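*Asks:* got a predicted structure here, sequence first:
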Number of protein chains: 2
Amino acid sequence: MSEVNGKRTIELKNKPRIIATSSLVGSKEGKGLYGKYFHKVVEDDKMDKATFEKAEREMLQEVIDMANQKLEENGNAINMLIGGDLLNQNISMSFTAREMHLPLLGVYSACSTMSESLAIGAIMVDGGYMENIACATVSHFSSAERQYRFPLEQGTQRPPVSQWTVTGAGCCVLGKGTNEPKIVRITIGEVVDFGIADANNMGAAMAPAAMTTLMHYFEDTKTSPDDFDLILTGDLGILGSGILRELMADRNFPLGDNYKDCGATIYEGLPNCYQGGSGAGCSASVFSSYIYKMLTTKKIKKMLFVATGALLSTTSTQQGETIPAIAHLIELEA
Amino acid sequence: MSEVNGKRTIELKNKPRIIATSSLVGSKEGKGLYGKYFHKVVEDDKMDKATFEKAEREMLQEVIDMANQKLEENGNAINMLIGGDLLNQNISMSFTAREMHLPLLGVYSACSTMSESLAIGAIMVDGGYMENIACATVSHFSSAERQYRFPLEQGTQRPPVSQWTVTGAGCCVLGKGTNEPKIVRITIGEVVDFGIADANNMGAAMAPAAMTTLMHYFEDTKTSPDDFDLILTGDLGILGSGILRELMADRNFPLGDNYKDCGATIYEGLPNCYQGGSGAGCSASVFSSYIYKMLTTKKIKKMLFVATGALLSTTSTQQGETIPAIAHLIELEA
């Protein structure tokens, strides 16, 4: 099967802008590298709720409310929601949207949900179909562990290749704006599977997806990694981002010092975090806080945001399947 | 929060067209009202696979392949996939896409996944961002029962309000086309919850979502139910579509003989189907077969397709939550 003009990368002529962002994380994330940049750090990761799932939902609702308040200061408001989460049937987003009476496009691509949401939202704003679209996602360590792995009460030992699901949420509002950071191109990813079957080693499963999307983008646009101040992946972790460096070097597009991974850095300085962070809230919270600040202060002028997602489920793993992964790319300018 | 110009309904100026469709169902669906219109009926609902989940995936892959073959007859091909399914983490769509090396936007809105996919795809084609986008979805009675309700082996008795998850898949390819049926407007739904807590009575939970989206559409466009040859909901079933009639009559927009529901009719004439069919594959297979044929032969000239989705999960039900629902609307012309 072929692509439109042989290309997958979509140009956005009207350059939709990220007019507001908000982020909220748990206390562990608050102690890490980006701690002082998050808009809110909560001490109680149960948010005074009966279950971790209800707490996760509360975090998503708070982060969207925070973004909406920023719009209201300018007499504006969020018109629509795009997003999803890691829980079965996207319940965090669906139940959050229930309280908001706004149109919702529910999406799922695991930890690349933020970049998928930004891609769809950017197209809708660029084409003049809608504005002030909130793209939001969340993840929670405790709800993810018990759904994807083991009950926390079991005290299962973590293998050295594992990552720690970030407790946190991020929200980016897309609109017409004036001089905020803008989205100039997007590349929608394809599903890639290099045969990794270890559900604890998701960085290794996702690195080939990031490589595939980056290679499509560089070929489509005749650019190379050196053309950017920052190439940011979502949650490959320390191991996975090392694999991505090798895969890109093998293809003569080596990644330099301008390459970073949200997951590999979010817990920098903290003990026992193994390969770093993961989860839909990982890249969402880091992008919506520290990275957005670097863009608005022009410390980063041109960057690629490539969040990656591992598309496994417990059912697929139990049925002996390997782990497919996907990565969606967003090119931004300050 | 407000909407763009107070409206939610999006006009598509370039009228993207549904240039090809395909459908595939199980033997039970093949014996129902639309049996002779489905493109393929399979006798073995396990598709010669080890598990029902793998069979479901095979159905989705076959239905997309069938649509792609129709494009290939005109020297064309599918460029991109949009869709999802009912299984946790959308594994049917993710694993199908793995075999296809095409960009994927994974979406989730339960049984309204087909209309959500058509909405996103129509915007992308209308704005000139992409063409030949396959919107596809699938559901399978046996995989859905064991994920959402009880293992089949348990032989649990079905309550009278229950619906039967359709084993089937549908695919619609969106492109520029020439005289195929076109999408003229879309209304993206909001999440609505009228407090239904019985996970067996999803028609009652979804009817208010269909009503909410229809009312937004009629108010935005200054139209009424009489303006259409057909208003088609997805899988409210017999009970749920009766509730929708009451809700619309209460609001002075009564639905007449031009109102039908895919779920309420798909098993017409078959015994023990209670309130009818449900599942993401229900409206997808009926729309992609019989309805598309009625549009291409101009027996239907102007219609609304409003697939509805119940956004519950087993976790939300176990935590005492009621059932939120959503409905996305697609307006079509022959």
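*Replies:* Structure's in. What do you need?
*Asks:* can you name the residues of the stretch 101-250 of chain A that neighbour chain B?
*Replies:* A:101-110, A:116, A:119-120, A:123-124, A:126-127, A:129-132, A:147, A:187-193 (C-beta under 8 Å from any C-beta of the partner chain). All C-beta atoms are positioned from the backbone trio N, CA, C, and that covers glycine.
*Asks:* report the buried members of those residues.
*Replies:* Buried members of these, counted by 16 or more other C-beta atoms under 10 Å in any protein chain shown: A:102-110, A:116, A:119-120, A:123-124, A:126-127, A:129-132, A:147, A:187-193.
*Asks:* from the residues you listed, which land in strands?
*Replies:* Taking DSSP state E as the definition of strands, these contribute A:104-106, A:187.
*Asks:* between those, which is closest to chain B?
*Replies:* Closest approach to chain B among those (C-beta to the nearest C-beta): A:G106, at 4.7 Å.
*Asks:* who does that closest one form a beta bridge with?
*Replies:* For A:G106, the beta-bridge partners are A:G83 (DSSP bridges).
*Asks:* how about it, what does it touch?
*Replies:* When contacts are counted by C-beta atoms under 8 Å, 6 or more residues apart in numbering or on different chains, A:G106 is found next to A:83-84, A:90, A:93-94, A:97, B:107-109, B:116, B:311, B:326.
*Asks:* apply 10 Å and report the result again.
*Replies:* For A:G106, the contacting residues are A:81-85, A:89-90, A:93-94, A:97, A:113, A:117, B:84, B:106-110, B:112-113, B:116, B:191, B:309, B:311, B:326, by C-beta atoms under 10 Å, 6 or more residues apart in numbering or on different chains.
*Asks:* ok, the ones in strands among the buried ones among the residues of the stretch 101-250 of chain A next to chain B vs A:Y37, which is closest?
*Replies:* Ranked by distance to A:Y37 (C-beta to C-beta), these are led by A:T187 at 26.8 Å.
*Asks:* give me the nearest residue to the closest one, chain neighbours excluded.
*Replies:* Closest residue to A:T187 apart from its sequence neighbours, by C-beta to C-beta, 6 or more residues apart in numbering or on different chains: A:L329 at 4.1 Å.
*Asks:* and the one you found, which of the three is it?
*Replies:* Assigned state for A:L329: strand (three-state reduction, DSSP: H, G, I helix; E, B strand; the rest coil).
*Asks:* neighbours of it, how many?
*Replies:* Using other C-beta atoms under 10 Å in any protein chain shown, A:L329 has 26 neighbouring residues.
*Asks:* over to A:T21?
*Replies:* As a burial measure, A:T21 scores 29 neighbours (other C-beta under 10 Å).
*Asks:* is it true that it lies in a strand?
*Replies:* Yes. Counting by three-state DSSP, A:T21 is found in a strand.
*Asks:* tell me where chain A has strands.
*Replies:* Under DSSP E, chain A gives strands at A:9-11, A:17-25, A:40-41, A:80-85, A:104-106, A:133-139, A:164-165, A:168-175, A:182-187, A:230-233, A:259-261, A:277-278, A:302-310, A:325-333.
*Asks:* mind putting those strands into JSON lines with distance to B:P225 and mean pLDDT?
*Replies:* Below are those laid out as JSON lines (distance: least, C-beta to C-beta, whole Å; pLDDT from 0 to 100):
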{"stretch": "strand A:9-11", "distance to B:P225": "37", "mean pLDDT": "97"}
{"stretch": "strand A:17-25", "distance to B:P225": "38", "mean pLDDT": "98"}
{"stretch": "strand A:40-41", "distance to B:P225": "46", "mean pLDDT": "98"}
{"stretch": "strand A:80-85", "distance to B:P225": "26", "mean pLDDT": "98"}
{"stretch": "strand A:104-106", "distance to B:P225": "25", "mean pLDDT": "98"}
{"stretch": "strand A:133-139", "distance to B:P225": "30", "mean pLDDT": "98"}
{"stretch": "strand A:164-165", "distance to B:P225": "47", "mean pLDDT": "94"}
{"stretch": "strand A:168-175", "distance to B:P225": "34", "mean pLDDT": "98"}
{"stretch": "strand A:182-187", "distance to B:P225": "39", "mean pLDDT": "98"}
{"stretch": "strand A:230-233", "distance to B:P225": "50", "mean pLDDT": "98"}
{"stretch": "strand A:259-261", "distance to B:P225": "53", "mean pLDDT": "98"}
{"stretch": "strand A:277-278", "distance to B:P225": "48", "mean pLDDT": "95"}
{"stretch": "strand A:302-310", "distance to B:P225": "41", "mean pLDDT": "98"}
{"stretch": "strand A:325-333", "distance to B:P225": "39", "mean pLDDT": "98"}
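*Asks:* contacting residues for A:R149?
*Replies:* A:156, A:158, A:162, A:165, A:199-200, A:314.
*Asks:* same check, this time on A:V41
*Replies:* A:23-31, A:35, A:168.
*Asks:* what is the nearest of these to A:E180?
*Replies:* For the contacts of A:V41, the residue nearest A:E180 by C-beta to C-beta is A:S23; the value is 16.2 Å.
*Asks:* hang on, the closest one packs against A:V42?
*Replies:* No. With contact defined as C-beta atoms under 10 Å, A:S23 does not reach A:V42; the gap is 11.4 Å.
*Asks:* all helices for the stretch 201-334 of chain A, in order.
*Replies:* A:202-221, A:237-250, A:262-266, A:280-286, A:292-296, A:314-318 (DSSP state H, counting those that start in this stretch).
*Asks:* thanks a lot, catch you later.
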